[in-house]
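Visitor: Can you look at this prediction? I've put the sequence above it.
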Amino acid sequence: MRSLSYVQAKTVREAIEAYAAAGEGARYIAGGTTLYDLMKLGVERPAHLVDIASLEGADRIDTSGDVLFFGAGALMADVAENDVVRRDYPVLAESLSKAASQQLRNMATVGGNLLQRTRCPYFRNGAIGAYPCNKRAPGSGCAAIGGLDRGQAVLGISNACTAVSPGDWPVALTAMDATVEIQGPAGPRSVPIAEFYRLPGDTPHLEFEIEAGEIVTGISVPKTEAGRNSTYLKVRDRESYAFALASAAVALAMDGDHIRQANIALGGVATRPWRAREAEALLNLRTIEPDIALAAGRAAFADARPGEHNAFKIELGARTLADAIMTAGRKMQ
Amino acid sequence: MTDPQDTQFLPLTRRQVLEAGTVVSASGMISTATAQAQTQVTTSPSLPENGTTVHIACRVNGQPTAIDIDARASLLDMLRERLGLVGAKKGCDHGQCGACTVHIGGRRIASCLTLAAKVNGREVTTIEGIGSADGLHPMQQAFIDHDALQCGYCTPGQIMAAIACVKEGHASTPEDIREYMSGNICRCGAYVGIVAAIEQAAPQIERG
């Protein structure tokens, strides 16, 4: 790990100024559960850290207005335990409580979690550097393609990268049409979460719609009655404390027995939080039946492109989504 | 029959033996310069660090602590290498095993993934700080009562996580305990005893 300087900022403005003053090699750090981990692996090599974990008011959680607002500095554990979120938007609470461990949820922030890097083992193989990775070293190649690709994505992949987008919270936020609030040297701006995550294409090292020096300051989620009929189902290699092999965030707006609007996003199977519009369309005006749910699951994976060892994710992902649709449907009373 | 020769070893604790052993083996196995550097760090906490340092003033187990430490250092390394609090263990050093669990401001965190610089002004509690003058913390006693360990390496982290688990209100059912203790891995597989120990200790620990 490189020697580095460290400053704690008290306000967003102070942080942005400190970042600019630090020059090359500056990085913001909040909970640090991704950045510090990758620094130890030699994947990230910052020279200056600007700590934004203690910005004034950055941990505000406000569920009283037209939107749910989560300050970027709110801890994952605190949002997961918020009473309104748990009762009215279980998909959000569950996506957080099924992520990481309580220790990490007490450290990691809901803003920082949006920027979590992939768990692709070839990407994380930084300090040793034995494997190429277009995300870690642009243009070097991809060892996962044709390699040990059991954990890799089947949706949204390119010839340059198949790394899975690792988060759970971003998947739930994608289903719920969240907006990411950002501040930078040029002022504040809002980015719909659907535009926040980039497909890898030829530039897998460019992952997020955020510029150097900008800070995620908050997340807004429009309020919807569909939130009550929602769930986050996460299937892992073990029962708890693991990244998703396949996950599904589902929220259903109902007209009596019929689905008026389904909001669906998938995790663990795609290179970014994956909105499943085909599955949503298929559920439109239908009742909640197992065969319809499975058809929606299959529709979500119609364009899937498996590698050598991860074809199981197509069936697993379809059935995960089908189960989540049934669970969300059962909440409707 | 008692051998009077044995008594001279009794004042030595297991920890003192281990610490002495570390220095001896370090001297024997690595270059003299490195060995000296390592010895100096443990015996001379005020020695300047290699990289840019930050000044930290915090409380550790109730004791005011001030230290200049490398800005890259983890809280775990600060506790173990600079403060001699070796209860928290370095298992994976990547936040995946839970052996390094300590509390900051009463909440459990992974000290290996926490920059030491972040605890400036904070209250840190380690396994060394949970007992009282009267003896063991109820969770420590419960782990003994239920044989909730084998090799013991993960135990300080398990106990710190377990105390927090109860205080959070996540220990009312065995299912809840298993879910909220899943961040602490035990390679010996003492999980059945760990869940039983937490069930026993929970009523004796006040909710936060």
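Guide: Okay, I see it.
Visitor: Tabulate the CA atom coordinates of stretch A:33-46 in PDB.
Guide: Listed next in PDB are the C-alpha coordinates belonging to stretch A:33-46 (Å, rounded to 0.1, in the frame of the first residue of the first chain):
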ATOM      1  CA  THR A  33     -15.300  -1.400   3.300                       C
ATOM      2  CA  THR A  34     -14.600  -1.500  -0.400                       C
ATOM      3  CA  LEU A  35     -11.800   1.100  -0.900                       C
ATOM      4  CA  TYR A  36      -9.600   0.000   2.000                       C
ATOM      5  CA  ASP A  37     -10.100  -3.700   1.100                       C
ATOM      6  CA  LEU A  38      -9.000  -3.000  -2.500                       C
ATOM      7  CA  MET A  39      -6.100  -0.900  -1.200                       C
ATOM      8  CA  LYS A  40      -4.900  -4.000   0.700                       C
ATOM      9  CA  LEU A  41      -5.100  -6.000  -2.500                       C
ATOM     10  CA  GLY A  42      -3.200  -3.400  -4.500                       C
ATOM     11  CA  VAL A  43      -6.100  -2.800  -6.800                       C
ATOM     12  CA  GLU A  44      -6.700   0.700  -5.500                       C
ATOM     13  CA  ARG A  45      -3.600   2.900  -4.800                       C
ATOM     14  CA  PRO A  46      -4.700   6.300  -3.600                       C
END
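Visitor: show me the contacts for the residue in chain B that chain A sits nearest to.
Guide: Nearest residue of chain B to chain A, counting by CB to the nearest CB: residue B:183, 2.3 Å away. (C-beta placed from N, C-alpha, C; glycine too.) Neighbouring residues of residue B:183 by CB atoms under 8 Å, 6 or more residues apart in numbering or on different chains: A:100, A:101, A:102, A:103, A:104, A:241, B:98, B:101, B:110, B:161.
Visitor: Now the fifth one: which helix or strand?
Guide: Read that as residue A:104. Residue A:104 belongs to helix A:102-105 when elements are defined using DSSP states H and E.
Visitor: who's in contact with that helix?
Guide: With CB under 8 Å, 6+ apart as the criterion, helix A:102-105 contacts A:31, A:33, A:75-77, A:80, A:96-97, A:99, B:95, B:98, B:101, B:108-110, B:113, B:161, B:164-165, B:168, B:170, B:180, B:183.
Visitor: For the nearest residue to residue A:190 once chain neighbours are set aside, list each beta-bridge partner.
Guide: Nearest residue to residue A:190 in three dimensions, chain neighbours excluded: residue A:179, at 5.1 Å (CB to CB, 6 or more residues apart in numbering or on different chains). Residue A:179 has these beta-bridge partners by DSSP bridges: residue A:192, residue A:220.
Visitor: gap between residue A:179 and residue A:70?
Guide: 11 Å (CB to CB, to the nearest Å).
Visitor: shared neighbours of these two, anything?
Guide: Counting by CB under 8 Å, 6+ apart, the residues touching both residue A:179 and residue A:70 are A:219, A:220, A:221.
Visitor: And the strands in the chain?
Guide: Going with chain A. A:5-8, A:26-29, A:48-51, A:61-62, A:67-71, A:179-184, A:187-192, A:215-222, A:230-235, A:246-255, A:258-267, A:274-275 (DSSP state E).
Visitor: meant chain B actually
Guide: Using DSSP E, strands in chain B cover B:53-60, B:63-70, B:101-104, B:107-110, B:123-125.
Visitor: which among the contacts of residue B:183 gets closest to residue A:164?
Guide: The closest of these to residue A:164 turns out to be residue A:100 (CB to CB; 15.7 Å).
Visitor: distance of the closest one from residue B:67?
Guide: For residue A:100, the distance to residue B:67 - CB to CB - is 29 Å.
Visitor: of the two, who's got more company?
Guide: residue A:100 (26 against 21; other CB atoms under 10 Å in any protein chain shown).
Visitor: hmm, stretch A:2-13 in reach of chain B?
Guide: Yes - against chain B, stretch A:2-13 shows contacts by CB under 8 Å from any CB of the partner chain at A:2, A:3, A:4, A:5, A:6, A:8.
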